[in-house]
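Asker: starting from these lines, generate the structure:
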Amino acid sequence: MTGSSTAAEIYPPGWEEPGALDWARDWFTGLTAYFEAAARDGHAVVVWLD
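Answerer: Residues are numbered from 1 along each chain as shown. Next comes the predicted model:
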């Protein structure tokens, strides 16, 4: 395995390239603020992916 996202079959491919996911940045602004607030206030966040 070369360590690339393509070799590891990670979607989307090329995510490790600088700027590759800039298109999604605005979608996560609120989520980032939520995690920052939880961390600042000493709260845990449980994420369940099913």
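Asker: for residue 47, give its distance to residue 27.
Answerer: Between residue 47 and residue 27 the computed distance is 16 Å (Cβ to Cβ, to the nearest Å). In short, each C-beta sits where N, CA and C put it, glycine included.
Asker: between those two, which one's more packed in?
Answerer: Neighbour comparison, residue 47 and residue 27: the larger count goes to residue 27, with 9 against 5 (by other Cβ atoms under 10 Å).
Asker: mind checking the SS state of that one?
Answerer: With DSSP: H, G, I helix; E, B strand; the rest coil as the basis, residue 27 sits in helix.
Asker: and the residue nearest the centre of the chain, what does it touch?
Answerer: When Cα atoms, centre = their mean is applied to the chain, the residue found nearest the centroid is residue 28 (8.5 Å). By Cβ atoms under 8 Å, 6 or more residues apart in numbering, the contact list for residue 28 is empty.
Asker: likewise for the one 10 residues further on?
Answerer: When contacts are counted by Cβ under 8 Å, 6+ apart, residue 38 touches 44-45.
Asker: average pLDDT for the host helix or strand of it?
Answerer: Element membership for residue 38, per DSSP states H and E: helix 29-40. Average pLDDT, helix 29-40: 94.
Asker: ok, how many other residues are close to residue 49?
Answerer: Around residue 49 there are 3 residues (other Cβ under 10 Å).
Asker: what do you get for residue 35?
Answerer: Neighbours of residue 35 using other Cβ under 10 Å come to 14.
Asker: now it: how far from residue 45?
Answerer: Distance from residue 35 to residue 45, by Cβ to Cβ: 6 Å.
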